[in-house]
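[1] Give me a model of this one.
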Amino acid sequence: MQELLLKRVYRHFKGDCYLVEDIARHSETGEEYVVYRKLYGDGSLWIRPKVMFLSPVDREKYPNCQQEYRFQLLEIESVAGHGEKA
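    Okay, here's the model as predicted:
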């Protein structure tokens, strides 16, 4: 399973992009959920079980999908030439 990074942009295998805001826990079960924001439309917040968020694409259902995971991290570089700060 891939690692989840907070405050980073992920692309859903169907093409739209989302910002991972945080991790939340279910009060009854302790299950971890990813809290993420749509980077289109109304910018609303959504949640999904972390295990599902990080899961591979179902190849039986989507045999022609080019992406390996349901949500995949995008590496976005600065167009202004700003590098990472230590």
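
[2] Phi first, then psi, for Phe53.
    Main-chain torsions, Phe53, degrees, to the nearest 10: phi -60, psi -40.

[3] Am I right that it is in contact with Gln72?
    No. Contact criterion Cβ atoms under 8 Å: Phe53 and Gln72 do not qualify, at 10.6 Å. To be clear about C-beta, it is placed using only N, CA and C from the backbone, and glycine gets the same treatment.

[4] In this protein, which residue is most central in space?
    Tyr10 (4.0 Å; Cα atoms, centre = their mean).

[5] my hunch is that that one is in a strand, does that hold up?
    Yes. Assessed by DSSP: H, G, I helix; E, B strand; the rest coil, Tyr10 belongs to a strand.

[6] which strand of this protein spans the most residues?
    strand 17-25 (DSSP state E).

[7] how about the helices in this structure?
    50-53 (DSSP state H).

[8] Point out where it drops to low pLDDT.
    Along the chain, segments meeting pLDDT under 70 span 1, 84-86.

[9] Apply 80 and report the result again.
    Scanning the chain for pLDDT under 80 picks out 1, 83-86.

[10] Going along the chain, name the strands of it.
    Using DSSP E, strands in the chain cover 9-12, 17-25, 32-38, 45-49, 71-73.

[11] and of those, who's closest to His82?
    Evaluated with Cβ to Cβ, these place strand 9-12 nearest to His82, the distance being 15.9 Å.

[12] Mind listing the strands that closest one pairs with, and their directions?
    strand 17-25 (antiparallel), strand 71-73 (antiparallel) (DSSP bridges).

[13] winner for burial among those strands?
    Greatest average neighbour count among the strands paired with strand 9-12 goes to strand 71-73 (a mean of 18), per mean count of other Cβ atoms under 10 Å.

[14] starting at the chain centroid, how far to it?
    5 Å (Cα atoms, centre = their mean, to the nearest Å).
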